[in-house]
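just coords:
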């Protein structure tokens, strides 16, 4: 058998494996803050806005710095740092999915997805951090 067809077939197989591995990195399950802290990896945490905790956004000082607290599915509230502007109607969100890593006790989000109530249908708002 000639070497060229074998090289082409091997290249196709390696490419297919590389594509599958890169696609699997994006598929993740939701973690809690405790799991995010122990893993040290980028994870997705789903929760709800802790309305009893402080939100900080000062567009005059830094328009790309917004902090808030969310409670994960176990009820643990943690501070989330988003290096982007505060989304419009953020306080109305019913559910928030943050993607990021734990750093020094805070969850630094690379992006968030908010599920907001609407008069006629549920809306989802996606925000990407300036760093991510």
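Structure received. Since the model is a prediction, treat every value here as computed from it, not as a measurement.

which helix in this structure runs the most residues?
Longest helix in the chain by number of residues (criterion: DSSP state H): helix 3-26.

How far off centre is that helix?
Mean C-alpha position of helix 3-26 versus that of the full chain (Cα atoms, centre = their mean, to the nearest Å) differs by 29 Å.

How about stretch 75-83?
How far stretch 75-83 lies from its chain's middle: 12 Å, per Cα atoms, centre = their mean.

just stretch 65-75 next, same as before
With Cα atoms, centre = their mean, you get 12 Å for stretch 65-75.

Show me what that stretch is in contact with.
Residues from elsewhere that reach stretch 65-75 (Cβ atoms under 8 Å, 6 or more residues apart in numbering): 30, 32-34, 45-50, 53-58, 77-86, 90, 96, 98, 106. For glycine as for every other residue, the C-beta is placed from the backbone atoms N, C-alpha and C.

backbone phi and psi for the closest residue to residue 90 other than its chain neighbours, please?
Excluding the flanking residues, the one nearest residue 90 by Cβ to Cβ, 6 or more residues apart in numbering is residue 114, at 7.0 Å. Main-chain dihedrals, residue 114, degrees, to the nearest 10: phi -110, psi 140.

What are the neighbouring residues in contact with residue 32?
For residue 32, the contact set (Cβ under 8 Å, 6+ apart) comprises 45, 72, 73, 74, 76.

what does residue 58 give?
For residue 58, the contact set (Cβ under 8 Å, 6+ apart) comprises residue 65.

Equivalent analysis for residue 81, please.
Neighbouring residues of residue 81 by Cβ under 8 Å, 6+ apart: 65, 66, 67, 106, 107, 108, 109.
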